[in-house]
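Peer 1: Sequence plus predicted model, see below.
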Amino acid sequence: MKKMLLTTMVLVLAFALAACGQKNNDGNNASSGAPSGGAAAELKGSILASGSSALLPLVEQASKKFMDSNKGVSIQVQAGGSGTGLTQVSEGQSDIGNSDVFAEEKLDADKAAALVDHQVAVVGMAAVVNPDVTIDNLTKQQLVDIFTGKVTNWKDFGGGDQKIQIINRPSSSGTRATFEKYALGEKSVDLPGAIQEDSSGTVRKLVGETPGAIGYLALSYLDDSVKTVKYEGVDASVDNVANGTYPVWAYEHMYTKGEPNEVSKAFLEFMLSDEVQNGDVVELGYIPASKMEVKRDVNGNITK
Amino acid sequence: MAQSLERQKAKPHLVEEWVGKIYTLICILFLIITIVSLVYFVASKGLSTFFVNHVNVADLLTGLKWSPDGEPALYGALPFIFGSFSTSLLAALIAAPLSFCAAVFMIEIAPKFGRKFLQPVIELLAGIPSVVYGFVGLSVIVPFFRDVFPGQGVGIAAGALVLSIMILPTITTIATDALAALPKGLKEGSYALGATRWQTIYRIVLPTTLPALMTGIVLGIARAFGEALAVQMVIGNAPHIPRSLFESASTLTSAITLNMGNTATGTVANNALWSLALILMLMTFVFVFIVRWLEGRSKI
């Protein structure tokens, strides 16, 4: 009995200490991974990537492939939101910060300037409505009228007599920022009665079920449960995003603080390689960065 | 001779004593450090909204408009505070009568069957993850409310209903324990005076156990107050005080979970969320104090 108690105590203590020690080890690995052997044949080290949950599936899938071919490398990918990802990479807590938005939009100018942007993919977004809504096309002005509460019934746009129910994102969301910037051209307000959800799956479910609902989703989330509407007469398709005729899209960024270290650099190069760009990126519903015929900077200026 | 023998015997016990003392001390120190640093962390972050970013405390507590990226940025948290209180109080209002009656049934009316089968079943409810409650709420309760009541189904009513099921086991378990702990003599005395079973329950059992029952309710409210995920899925999350129970509303917890990951650490918007967390924590302290006070009034 006595022995058992003692063993338990020792075990608990050991466990607690081990848990503390673990973290330190991880930290050491991450920092020692940087400048090890110069032009060594085999990469060694660990990468911690955190941030955007929209980018998570892609980074995770690519990291598994990368680890399969580079046994010495371990990559951890965490979700947590674009803001968290940018803060952590800026403060050195993670090696790569995943974000849906430009760092300049979330961080102070001097902090953002220290980060190096790697645009790995593009996400297109489309306005979606409940399948019972008869509208097929919405102009920019019509969307603004809806999301600022000027128009509250579909009959004003020639649809049936049905109240418009907005399914929005929280005001801090990167998806919402993109939609406001490129589809509305202005900030929308949080209207009383509007529903806000952060997860794309929940938004799709609510739009599909709620009569008269309108929301917006990344192209990879579109399916038959919701109806995709055209924007200014343009279909929300991958080709239209790539050739610049459909304007509602955003880059998926992977930020590093300063130039990436050897391991991170190899991983980012792998992310931009044809294998990932034409394989995983397309497969998971993103648009390859290499396919884009137009480029856009942080202020929204488009160049061919 | 006898003395030295005793000393030899005493030695291992002395070691035992010290090992035990030090080990328990380490454990309690660990707990205290965790709690103190947690409070310090949340408080320092939450208070920096007022001291570093110079947001007015009164504006935050009574402001009606929450728009962190508006011009000017407004941090009115009253809609969230209102949402948290209304959902958890309403949830307790639904759950408390149910829990009391269930406890009375399990202890007074069918003790054997009740304790053996019903109690484990009710305690099972406590083990279901909150995301499951939220998903069931979103898939069953919200569409049902949408069909039956005006509005979109989401809102305080849906949130309160989901929460009431979640806090049911808390209140029931505490009420059951309180009823079971009631001295036999009280009930038997009542029966001896010719009271019926219902008279005994109404006039003797419930009044004597009232402080314990209230403790259960307060703990239930505290649990409901802190629940985030399930509520967030069914309440709609519009940062406004709703005009009806079936209009999109928001709670402190849902505002935090929706926005925390999207805001960068150190910004005003992020600090304001920590202030909401601070309010949540202070409310938890208040609930704990109420529970302690009720326990002091216990008549058993």
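Peer 2: Great, that's in hand. Residues are numbered from 1 along each chain as shown, chains lettered A, B, ... in the order given.
Peer 1: and chain A, which residues reach chain B?
Peer 2: Selection of chain A residues close to chain B by C-beta under 8 Å from any C-beta of the partner chain yields A:2, A:6, A:9, A:13, A:16, A:53, A:79-84, A:86-87, A:90-91, A:106-107, A:165, A:170-174, A:187, A:189-198, A:202, A:205, A:209-210. Bear in mind the C-beta positions are built from the backbone N, C-alpha and C, glycine included.
Peer 1: Can you pull out the residues in contact with stretch B:220-232?
Peer 2: With contacts defined as C-beta atoms under 8 Å, 6 or more residues apart in numbering or on different chains, stretch B:220-232 is touched by B:84-85, B:87-89, B:91-92, B:95-96, B:99, B:130-131, B:133-134, B:137, B:159, B:162-164, B:166-167, B:170-171, B:251, B:253-254, B:256-258, B:280, B:283-284, B:287-288.
Peer 1: ok, which of the residues you listed also contact chain A?
Peer 2: Applying C-beta under 8 Å from any C-beta, the subset of the contacts of stretch B:220-232 adjacent to chain A comprises B:Thr257, B:Leu258.
Peer 1: ok so, going back, PyMOL command to pick out the buried ones of the residues of chain A next to chain B?
Peer 2: Typed into PyMOL, the next command selects the buried ones out of those (criterion: 16 or more other C-beta atoms under 10 Å in any protein chain shown):
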select buried, chain A and resi 9+53+79+80+81+82+83+84+86+87+90+106+107+165+170+171+172+173+174+187+190+191+192+193+194+195+196+197+198+202+205+209+210
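Peer 1: circling back: among the contacts of stretch B:220-232, which are located in helices?
Peer 2: Among these, the members falling in helices (DSSP state H) are B:84-85, B:87-89, B:91-92, B:95-96, B:99, B:130-131, B:133-134, B:159, B:162-164, B:166-167, B:170-171, B:253-254, B:256-258, B:280, B:283-284, B:287-288.
Peer 1: filter these to the buried ones?
Peer 2: Buried by 16+ other C-beta under 10 Å: B:84-85, B:87-88, B:91-92, B:95-96, B:99, B:130, B:133-134, B:159, B:162-164, B:166-167, B:170-171, B:253-254, B:256-258, B:280, B:283, B:287, out of the ones in helices among the contacts of stretch B:220-232.
Peer 1: if I look at B:Cys27, how far off is B:Val136?
Peer 2: Noted for B:Cys27: a distance of 38 Å to B:Val136, by C-beta to C-beta, to the nearest Å.
Peer 1: Which one of those two is surrounded by more residues?
Peer 2: Per other C-beta atoms under 10 Å in any protein chain shown, whichever of B:Cys27 and B:Val136 has more neighbours is B:Val136, with 17 against 14.
Peer 1: pLDDT wise, what is the more buried one at?
Peer 2: Predicted confidence (pLDDT) for B:Val136: 92.
Peer 1: Contacts only, for it.
Peer 2: Going by C-beta under 8 Å, 6+ apart, B:Val136 touches B:Val162.
Peer 1: give me the low-pLDDT residue ranges for the chain?
Peer 2: You didn't say which chain, so I picked chain A. Within chain A, the segments meeting pLDDT under 70 span A:1-41.
Peer 1: meant chain B actually
Peer 2: The model of chain B has pLDDT under 70 over residues B:1-11, B:299-300.
Peer 1: Could you find the closest non-adjacent residue to the residue of it found nearest chain A?
Peer 2: Per C-beta to the nearest C-beta, the residue of chain B with the smallest distance to chain A is B:Gly261, at 2.3 Å. Computed as C-beta to C-beta, 6 or more residues apart in numbering or on different chains, the closest residue to B:Gly261 that is not its neighbour in sequence is A:Gly81, at 2.3 Å.
Peer 1: residues of the helix or strand hosting B:Leu60 that come out buried?
Peer 2: For B:Leu60, the host element (DSSP states H and E) is helix B:57-62. Under the neighbour-count criterion of 16+ other C-beta under 10 Å, helix B:57-62 has B:Leu60 buried.
Peer 1: and that helix, what other elements does it pack with?
Peer 2: Helix B:57-62 sits against helix B:2-51, strand B:74-75, helix B:78-104, with contacts defined as 3 or more C-beta pairs under 8 Å, 6 or more residues apart in numbering or on different chains; DSSP states H and E.
Peer 1: got a list of what the residue nearest the centre of chain A touches?
Peer 2: Nearest residue to the geometric centre of chain A (C-alpha atoms, centre = their mean): A:Ala54, 3.2 Å. By C-beta under 8 Å, 6+ apart, the contact set of A:Ala54 is A:Asp100, A:Val123, A:Gly174, A:Thr175, A:Ser200, A:Ala218, A:Glu252.
Peer 1: PyMOL command to pick out the buried ones of the residues you listed?
Peer 2: A single PyMOL command selects the buried members of the contacts of A:Ala54 (16+ other C-beta under 10 Å):
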select buried, chain A and resi 100+123+174+175+200+218+252
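Peer 1: The contacts of A:Ala54 in helices, which ones?
Peer 2: Among those, the subset assigned to helices under DSSP H consists of A:Gly174, A:Thr175, A:Ser200.
Peer 1: Surely A:Val144 is in contact with A:Glu186?
Peer 2: Yes: judged on C-beta atoms under 8 Å, A:Val144 makes contact with A:Glu186 at a distance of 6.6 Å.
Peer 1: And the two? Which one has more around it.
Peer 2: Neighbours around A:Val144 and A:Glu186, counted as other C-beta under 10 Å, are more numerous at A:Val144. The numbers are 18 against 11.
Peer 1: Does the more buried one lie in a helix or a strand, and which?
Peer 2: A:Val144 is part of helix A:140-147, with elements assigned from DSSP H and E.
Peer 1: residues of the helix or strand that that helix is followed by that come out buried?
Peer 2: Following helix A:140-147 in sequence order, the next helix or strand is strand A:165-168 (DSSP H and E). Residues of strand A:165-168 classed as buried: A:Gln165, A:Ile166, A:Ile167, A:Asn168 (neighbour count, 16+ other C-beta under 10 Å).
Peer 1: Tell me which other helices or strands strand A:165-168 touches.
Peer 2: Contacts defined by 3+ C-beta pairs under 8 Å, 6+ apart place strand A:165-168 against helix A:140-147, strand A:195-196, helix A:200-209, strand A:213-218.
Peer 1: Identify the residues contacting it?
Peer 2: Contact with strand A:165-168 is made by A:146-147, A:176, A:188, A:190-191, A:193-197, A:203, A:206-207, A:210-215, B:152, as judged by C-beta under 8 Å, 6+ apart.
Peer 1: In a markdown table, list the helices and strands packed on strand A:165-168 along with distance to A:Gly285.
Peer 2: Converted to a markdown table, the helices and strands packed on strand A:165-168 look like this (distance: least, C-beta to C-beta, whole Å):
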| stretch | distance to A:Gly285 |
| --- | --- |
| helix A:140-147 | 23 |
| strand A:195-196 | 23 |
| helix A:200-209 | 11 |
| strand A:213-218 | 7 |
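Peer 1: which one of those lies closest to A:Val59?
Peer 2: strand A:213-218 (15.4 Å; C-beta to C-beta).
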